[in-house]
Structures are given as structure tokens and as C-alpha cells.
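Trainee: no sequence for this one, just the structure:
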């Protein structure tokens, strides 16, 4: 997103300039490695944008709060990658693959503490408010990750439970990123809540969109194999919605398809079944509801003009669909 | 230690009363389990004692700071136990054994955040100071753990490196516990530094004593098998000092003994070699140096009378030797 290039550069530069000791290098090399892996930097950008909205003269630099959010996000990715046994992250080896699992646990831990160092660098009043929001969010992210792992072993997850899980696992951090920016920028508590609500709802919509794009997105635009979630038998909103709507016979078809070794046949079968069950329409409707809610809050804080970066960002994210 | 029974009870009760959500129970059950495992509670007791020293009327309750220290310690044990593949902790199954590794990683993470919640519950000014010390210490503890893992693969660790490792891995947390108590109690920065230095030096002495007790302690008093570290070929200060003093022939004897399958023969051989190399005397001397330093700082803050709980505690810990 071109209009955010300066913000992205600011974050990348700050991450690269993070002062880290040389020794013990097995602890700090993974941090240096991960900070250079790149990524969209959406979360820290949200912090910067929120701060700029309220602190137009840039009295207090929001970069430390932005870094804390990004570093926390990286910490959670490193630990999640161990749990998911993921070999690749952002096109490179994950930390536990490149080094080993123990190093991935420990360098994740030290990363989390680093995030708190950035937050605690503000004045006591500001730091206290930031850490309060951050603590709540960090705990919720852990709860979301646990729910995600638990759901892998349960077949009858409801859509409410699923949305609760993605809310905790991914969306609250977007809300937190914005609220922290608002705190640094001097926003009042109503403005903080509205920005938080915007971020959280946008996060949920974004995540639902991700699930949809996996099966219905343009493979060239999405940049990955169509039906990856289906092939991996992943629990997505699509699957949850399908199971809610399916009768006994359709459930048994779904069961059979999940064990179908022919991938093309599997995806084709699932798409046909999803069509009968109106899965795409249902999920699109849910997604629109959350985008609408997000826009409601954006409107409420008066950021719904085309000059607002948050407005443009929302539009941009929403557009990435089909 | 009888004179600390009230303090221990206060900590245990507060830990048991920690409010934790029911759900997701796979995330929070390990915390409930670990908080009830017991332990000496030395670190949080240090926080309480330090606070009482300066805040005689108990204006600010040090219990949250004490809990933060203990919870951090528990977090580090849960993650260390994964890394060391330890099956047992305090006579019970470790978290990764009782549940699984992913749950142990994640419940450790949430514990670390919980510690920050307790610290951030103080007034912004106090919280800011507490979190600053805590962050520094938490990072050092991670560095110490990494050094410990690195040292397993290096044969020529010097005593300075070894002492640096135990300082970071275990002793700074005792200093931190005391300094946090001092902060809550309203001590000035000199008093804080002196208490920190006392705790750190006492921690190093204590750790050296642990290494000594493994081989030279009264098995009935120590409560574990004599020579456990030797059997496990663990890198202890004794081994480091022995290797520093050994000539080529003695080094090869040491090498052979480390592969000796007959345990009685192995321990006997090592004890004989250590005697020639004056390992016990050397380590005792080092230990005494650190106990002396600890006592110097205790003296400096005027806590060297028999009415002082910290004085009694030091005496008690020192005594547990032979």
C-alpha cells in the first residue's frame, strides 16, 4: 500500500536498529533474523496512524508502542510456529527449524519482555495505561491460541465459538494496536474505545475474508494454492458454517470428502456441497456485518473521509477479495 | 523456617486465591496446578521482607510485587522443564508431561503476562520502577538459561563464565525480588542497590553451595542422592574448577570417569581426583567470598542484627551445608 510506505519504512528501520546484545548469540540471533523477515507491519502501522490522528504535532513519538505491538506479534508467531510444527514463515525457515525448539521458546520469551521494555519507556502515566491494555490483549491472544488448538479436536464448533476464537487470537491485537496509538496521542477514553472497536471488528472481517479467499479468491491475486485449508482439513469458518447447516447425509458426505486422497476431487466435492449449503453467502454476510461495524466506528471518530489513512487502509483491505 | 511461616502462608494463600478464568481450561489448569505445587517461596518472601524494612506501617501492600516474582519464577521453571525434558518438579509431574508441550509453552507465556498484571496494579510511578527492574532481570534470566544450554556443548568453561551464568540464571532474580520490595516500601536508590547486591551475592553463594552439597552434603539432610550431578555428567562449578586445575593426564582420567558405567566407581574416582585438585576447598572459598559480600551489604543497610529476618534467613541458608 503505497500511501503507507513511509510508515512501513519507519517501522522496518526501527526494528533493524533495535539494540540487541551480541551475546549469547543463540538467544539474540533469532530476534535479528525475525525482525528482518519482513511482513506487512499492519499492526504497528495502525499504532502510528492512531497516534497521528490525535497528536497532530507529534509531541510524543508512538514508535516504541508500535514496536511493542510488532514485537509481541513476532513473539506469538515464533511460539505458534513451534506449536503448529510449521517449517516456513514469510518464505523463510521458522526459528525452531533454523535453530532448534529450545532456542525458539527462549528467544520468544525474551522478545515478549522486550515488548514491555518499549512500553515502559514512556512516562509512568502513559506506560501504565499502555501496559494495562497490552496485558489484557496478550492474555486474550494466548486464550485464542489455546481455543484454536482445542478446536482441532472438536467437530461441533459453533460459529459463535469460532468467531470468539479468531477475535481473541488475532483481532484484539488490532484493536490494541490502535488503542495504544490513541493513548500515546492523548485521545480520551471514548475515542480509545471507538478505535479499539474499529480495529477489532475490522480484524474479524479480515480473518473471515482470509477463510473465504482460500477457496473463492483469485489464485493469482491471493498468491497461494486454492483450497489449501480444505486440503489440510483445517477448521475454518466455512467448515463451521457448513457443518451447522448440513443434514445427516451431507455430514457423511463431508466426512468422506475429508478423507478423499484425490485433491482435485476433494476440492470439487467440497465446493459443490458448500454451494448447496450456501456457505459462501453466509460467510460473506457475516464478513460484511463486521466490516459495517468497523466502518460505523470509523465514522464515529470522523475518520471516514478519503484523506484518512485508516479509511484508505480499510478500503484497501476490503478490496483484496475477488 | 519457622520465623517465616506467616510470610510463606501469606504467599501460598495469595497464590491459591489468584483469580483465573475457568475457560479455556487447558490454558489455566496448568497455572492452578503449578501454584499449588508448593516450593520454598524464598523469592516472594524476600520481596515482603524488603518492603517491611522500609514501610513499617504497611502503607503499600507488597503482595502483588511478591506474587509477580513468584509467578515469573514459575513461568521460567515451566519453560526450563520443557527445555531440559524434566519429567518431575517438586515431586509431581512437570506441566509438559502432565498435559503436553504446547500447553506448557502457552501456559508459561500467559503466566509471564500475569506477572506484569500484578506489577502494573501499583500506582503508575511505582509500577514504572518495578517493571524497569523486572524487565532487566527477566532478560538476564533468559540470557542465563541460554548460556547454561550453550555450556552443555563446551568443555572449557572458565569459572568466571560459570559464575556469570549462575548469576544471570538464578541470582539476579533474588536481587530483583529484594529491590522490588524496597521500591514498594519507599526505599531510596542507594538502599535499593544495596539490597539488590545483597540478594545477588547471596544467590551466587547459595548456588555454589548447591553444587557442593550435591557431592559433599549429608545425603539425609540434602534429601537427594549423593553425586546426582556427577552421574548426569552435569557441568557444575566443581567440574569447572577441576578442569581448570587438571593437567593432561588428570583430564584424561576425568574423561574416562565421565563414561564409567559403574556409578559407585565413577563417584569414588571423581571424589579422589577432586581431592587431589583441591576442588572442594576452592569452591568453598569462592562460596565464602560471596556470602561475605552478601553480609557486607546486609551490614551496610543495618540489617545485621538477630532481630532482622533477612539476617536470620541468610544464617539459615548458609547453615544448610554439612
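Mentor: Sure, I can see it. Quick caveat, the model's predicted, so the values are computed rather than measured.
Trainee: Report whether the expected contact of residue A:286 with residue A:211 is present.
Mentor: No: Residue A:286 sits out of contact with residue A:211 when judged by C-beta atoms under 8 Å, with a separation of 10.0 Å. The C-beta positions use only the backbone N, C-alpha and C, and glycine is treated the same way.
Trainee: what sits in contact with each of those two?
Mentor: Residues touching both residue A:286 and residue A:211 (C-beta atoms under 8 Å, 6 or more residues apart in numbering or on different chains): residue A:237.
Trainee: between the two, who's got more neighbours?
Mentor: Legend: neighbour count by other C-beta atoms under 10 Å in any protein chain shown for residue A:286 and residue A:211, higher for residue A:211 (23 against 19).
Trainee: Please tell me how far residue A:137 sits from residue B:134.
Mentor: The gap separating residue A:137 from residue B:134 is 19 Å, by C-beta to C-beta, to the nearest Å.
Trainee: Quick check: the residue nearest to residue A:206 when sequence neighbours are not counted vs residue A:306, distance?
Mentor: Excluding the flanking residues, the one nearest residue A:206 by C-beta to C-beta, 6 or more residues apart in numbering or on different chains is residue A:317, at 5.9 Å. Distance, residue A:317 to residue A:306, by C-beta to C-beta: 15 Å.
Trainee: Give me the more crowded residue out of these two.
Mentor: With neighbours defined as other C-beta under 10 Å, residue A:317 and residue A:306 compare such that residue A:317 has more, 19 against 7.
Trainee: Can you verify the more buried one is assigned to a strand?
Mentor: No: Residue A:317 is assigned helix when assessed by DSSP: H, G, I helix; E, B strand; the rest coil, not a strand.
Trainee: so who does it touch?
Mentor: Residue A:317 touches A:202, A:206, A:209, counting by C-beta under 8 Å, 6+ apart.
Trainee: Please determine how far the second one is located from chain B.
Mentor: From residue A:206 across to chain B, the span is 23 Å (C-beta to the nearest C-beta, to the nearest Å).
Trainee: what helix or strand does that residue sit in?
Mentor: Using DSSP states H and E, residue A:206 sits within helix A:189-216.
Trainee: Check which residues of that helix are buried.
Mentor: A:191-216 (16 or more other C-beta atoms under 10 Å in any protein chain shown).
Trainee: Any residues of chain A in contact with chain B? List them.
Mentor: Residues of chain A lying close to chain B by C-beta under 8 Å from any C-beta of the partner chain are A:21, A:24, A:26-27, A:79, A:82-83, A:102-103, A:105-106, A:108-110, A:112-114, A:116-117, A:120, A:124-125, A:127-128, A:131-132, A:135, A:138-139, A:142-143, A:145-147, A:149-150.
Trainee: Tell me the buried residues within those.
Mentor: Neighbour counting over the residues of chain A next to chain B (16+ other C-beta under 10 Å) leaves A:24, A:26-27, A:79, A:82-83, A:102-103, A:105-106, A:108-110, A:112-114, A:116-117, A:120, A:124, A:127-128, A:131-132, A:135, A:138-139, A:142-143, A:145-147, A:149-150 as the buried ones.
Trainee: Surely residue A:21 touches residue A:28?
Mentor: Yes: in this structure, residue A:21 is within contact of residue A:28 by C-beta under 8 Å, at 5.9 Å.
Trainee: Residue A:55 versus the residue minimising distance to the centre of chain A, what's the distance?
Mentor: In chain A, the residue lying closest to the centroid (C-alpha atoms, centre = their mean) is residue A:170, at 4.1 Å. For residue A:170, the distance to residue A:55 equals 27 Å [C-beta to C-beta].
Trainee: what do you get for residue A:191?
Mentor: Remark: distance between residue A:191 and residue A:55 (C-beta to C-beta) = 12 Å.
Trainee: Count the neighbours of residue A:19 for me.
Mentor: Count around residue A:19 with other C-beta under 10 Å applied: 4.
Trainee: does it sit in a helix, a strand or a coil?
Mentor: coil.
Trainee: tell me the contacts of it?
Mentor: So residue A:19 contacts nothing (C-beta under 8 Å, 6+ apart).
Trainee: that older thread, filter the residues of chain A next to chain B down to just the ones in helices.
Mentor: Of the positions in the residues of chain A next to chain B, A:26-27, A:79, A:82-83, A:102-103, A:105-106, A:108-110, A:112-114, A:116-117, A:124-125, A:127-128, A:131-132, A:135, A:138-139, A:142-143, A:145-147, A:149-150 sit in helices, assigned by DSSP state H.
Trainee: For the residue lying farthest from the centre of chain A, give its distance to residue A:276.
Mentor: In terms of distance from the mean C-alpha position of chain A, residue A:249 ranks first, at 35.6 Å (C-alpha atoms, centre = their mean). In this view, residue A:249 and residue A:276 are 11 Å apart by C-beta to C-beta.
Trainee: Could you do residue A:76 as well?
Mentor: 37 Å.
Trainee: do the same with residue A:198
Mentor: Residue A:198 is 36 Å from residue A:276, by C-beta to C-beta.
Trainee: Apart from its chain neighbours, what residue comes closest to the residue of the stretch 201-322 of chain A found nearest chain B?
Mentor: Chain B sits closest to residue A:235 of the stretch 201-322 of chain A, with a gap of 15.2 Å, by C-beta to the nearest C-beta. Leaving aside its chain neighbours, residue A:235 sits nearest to residue A:151 (5.4 Å; criterion: C-beta to C-beta, 6+ apart).
Trainee: who touches the one you found in this structure?
Mentor: Residue A:151 neighbours (C-beta under 8 Å, 6+ apart): A:157, A:161, A:162, A:165, A:235.
Trainee: Filter those down to the buried ones.
Mentor: By 16+ other C-beta under 10 Å, those give A:157, A:162, A:165, A:235 as buried.
Trainee: I figured the last one was touching residue A:159, is that so?
Mentor: No: taking contacts as C-beta under 8 Å, residue A:235 lies outside contact range of residue A:159: 11.6 Å.
Trainee: Okay, now stretch A:15-28: how far is its last residue from its first?
Mentor: Chord length of stretch A:15-28, first to last residue, is 13 Å (C-alpha to C-alpha, to the nearest Å).
Trainee: Mind checking the pLDDT average for that stretch?
Mentor: What stretch A:15-28 shows for mean pLDDT is 95.
Trainee: How about stretch A:39-46?
Mentor: The model assigns stretch A:39-46 a mean pLDDT of 95.
Trainee: Also stretch A:143-157?
Mentor: 94.
Trainee: Show me how chain A divides into domains.
Mentor: A:1-131, A:188-322 (automatic domain parsing).
Trainee: Contact partners for residue A:161?
Mentor: Residue A:161 touches A:147, A:151, counting by C-beta under 8 Å, 6+ apart.
Trainee: distance of it from chain B?
Mentor: 11 Å.
Trainee: Confirm that residue sits in a helix?
Mentor: Yes: using three-state DSSP, the assignment for residue A:161 is a helix.
Trainee: So what would you say the end-to-end distance of stretch A:149-161 is?
Mentor: Across its full length, stretch A:149-161 reaches 13 Å between end residues, using C-alpha to C-alpha.
Trainee: With stretch A:300-311 instead?
Mentor: 12 Å.
Trainee: Go ahead and measure how far that stretch is from the middle of the chain.
Mentor: Computed by C-alpha atoms, centre = their mean, to the nearest Å, the separation of stretch A:300-311 from the middle of its chain amounts to 22 Å.
Trainee: same deal with stretch A:62-80?
Mentor: For stretch A:62-80, the distance to the chain centre is 11 Å (C-alpha atoms, centre = their mean).
Trainee: same check, this time on stretch A:89-103
Mentor: Taking mean C-alpha positions (C-alpha atoms, centre = their mean), stretch A:89-103 and its chain are 20 Å apart.
Trainee: If you count neighbours, what's buried in it?
Mentor: Under 16+ other C-beta under 10 Å, the buried positions of stretch A:89-103 are A:89, A:94, A:95, A:96, A:97, A:98, A:99, A:101, A:102, A:103.
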